[in-house]
Structures are given as structure tokens and as C-alpha cells.
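J.: return a 3D structure for these sequence lines:
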Amino acid sequence: YLQKAGGADQYTVLANRVHNAVDQYRSKRALAASQERLSRFIEQSPLGTIEYDEEFRIVRVNPTAEEILGYDAETLVGGTWMPFVPTDQRRAVAAVERELLANRGGYRSVNENVTASGGRILCAWHNQVVTNDDGEVIRVFSQFEEITEREQRKRAVERTNAVLSTVFDTLPHGVLVEDADRYVLAANDRLLDLFDVDAASTDVTGTDCVAFAREVSDRFRDSDAFLAGIDRVIDAAEPVRGERLPLADEGAFLRSYRPIDLPEGRGHLWLYQDAD
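T.: Down below sits the predicted model:
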């Protein structure tokens, strides 16, 4: 309100106050709209989301977090992360908390967590710090997803690969695996021993199988027949078992073949062994 007086100055003051009032109103509406969007994002996020205040007390838990951890939001709000962190990992998580509150790191971590039913799960956490104009931490948002099954599948694949690698390396027969473009995907040391190739099996990975076959063709009594036989077998795309290949000196190799399905097309599996 302005007291009525003479002159035009009061109208300038009035205009400024109206302008300021409008700006404040618009700012409040924009802030409310922004907070509403943030709230909707958190509530609808496919990631579990937990919001902490500047004392690292939980102030919000979204439905996905409830589903992953098995706790109701009401149970967690106002407390800390201790209910869903195993006792033996609390020291490590406390260190992450200190780093976040000091805004010095801790933004990503993988932790084992405890559900409300007592089960253990593995989660990947992504933390975001919010600061005020003075750089002080006022909020921390932690988004997470359960990766238990993913890690179990990964470890199972790693175990299987380790077993297959051991079997592959210790086979008494030479093995050559080619991709659809006839480049070496894998070869074992026994294959190189049979063909008197002075190299490690890892050295030939990715090399041209056609060129490799030419290089070793002189090991055979009829090198042209050896090379032509490879093309013949590949064109037929049928398994071959124990095809006899006489060597240039004495003895012979037995060659077996099987086409294999690869993501990029048909690959080739060759097996060579002494005929004796």
C-alpha cells in the first residue's frame, strides 16, 4: 500500500512494487512446478531412489526402492541406511557417506544390501550431491538397481569360459575356429605344434585362415589337394569326421570339420590329430 501524495514518484514506486510482486509470484510458481516435476520423476523412476538431507537422514523413498529392498517408505524415512546395509559393510558405506557429505566422491559404488526379509542382494548405486550457493551439501539423491542376477550370470559365464579355456588348451588334438570371414577366432597350441608353427596361439588370433592354410600346406604330400579340400568342405557345409591327409614325410593327419552358428554368420570348427 502507498499513501496518496502529490507528484509522480509514488507511481514509480508502485510500479516497482507491482513488478517485484509479479516476479516473486512467478518464481514461486516456477519453483513449485520444478519441485513437482522432480517429485514425479522420483516417484516414477525405474531405479530405486532414496533422498537424504544434509545430515544423511532419509527424507524420501520411491516405490521402486520399496520394491527392491522390501521396506515401506514409512519405515525408512527419518532413519539412516543401516537397516539395508549388512553389518560387515557398514564401515565401507559410512566412508562413502563421508565422501558425499564432503562432496569429494563416493558417487558410484556396488554394495551388498539386506532386504526386509533378511535376504542379501547386490546393488549398483549412483549418488548425486546437491549443494547450495555456498557449496554446502543440502541433499543427496541415491539411485540404485539390483544386479544380483546379472552378476550371477556374469560369474557363471566366467566360470564356464575358464573351464572351456582349460579344456581347449589341454586337448591332445589341434583345434582351429574360424569366423564367417575366415579369420582365426581361436587356435590352441597343439594345432601350432602339429603344423610346426613357431608362435603362440594368441599370436594367430585374428589372422587370415586362408593365408595360414597356404603357409602350412607344405606339410602335406599333396598341398594343392589339402587347400582344395578345405574349400570343398566349407562349400558343402556338412560335418566331416576323420578325413585322412597324408603328410609329406611320414604319417598322416585326420581332419574333422563342423560348421558352427555365430552371431555374424556361419563359422568353422576344424580338428586335426595324428593318424597314428
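
J.: go ahead and confirm Ala42 touches Glu51.
T.: Actually, residue 42 is Ile. It isn't Ala. Yes - under the criterion of C-beta atoms under 8 Å, Ile42 makes contact with Glu51 at 7.1 Å. C-beta here means a position set from N, CA and C on the backbone, and glycine is covered the same way.

J.: common neighbours of the two, please.
T.: Arg60, Phe141 (C-beta atoms under 8 Å, 6 or more residues apart in numbering).

J.: ranges for the strands of the stretch 151-276 of the chain?
T.: 174-178, 184-187, 240-246, 252-262, 265-274 (DSSP state E, counting those that start in this stretch).

J.: now mean neighbour count and mean pLDDT too, for those, in a markdown table please.
T.: Formatted as a markdown table, the strands of the stretch 151-276 of the chain follow (neighbours: other C-beta atoms under 10 Å; pLDDT from 0 to 100):
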| stretch | mean neighbour count | mean pLDDT |
| --- | --- | --- |
| strand 174-178 | 21 | 94 |
| strand 184-187 | 20 | 92 |
| strand 240-246 | 13 | 96 |
| strand 252-262 | 16 | 95 |
| strand 265-274 | 17 | 94 |
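
J.: redo those strands as TSV? Include distance to Glu151.
T.: Below are these laid out as TSV (distance: least, C-beta to C-beta, whole Å):
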stretch	distance to Glu151
strand 174-178	28
strand 184-187	26
strand 240-246	40
strand 252-262	26
strand 265-274	29
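
J.: okay, and for the stretch 51-200 of the chain, where does confidence drop off?
T.: Applying pLDDT under 70 to the stretch 51-200 of the chain picks out no residues at all.

J.: residue boundaries of the helices in it?
T.: 63-69, 73-76, 90-101, 148-170, 189-194 (DSSP state H, counting those that start in this stretch).

J.: which one of these lies nearest to Thr115?
T.: helix 63-69 (5.7 Å; C-beta to C-beta).

J.: spatially central residue in this protein, please.
T.: For the chain, Arg150 is the residue whose C-alpha lies nearest the centre (C-alpha atoms, centre = their mean; 9.0 Å).

J.: what about that residue, distance to Ile68?
T.: 14 Å (C-beta to C-beta, to the nearest Å).

J.: joint contacts of those two?
T.: Joint contacts of Arg150 and Ile68 (C-beta under 8 Å, 6+ apart) do not exist.
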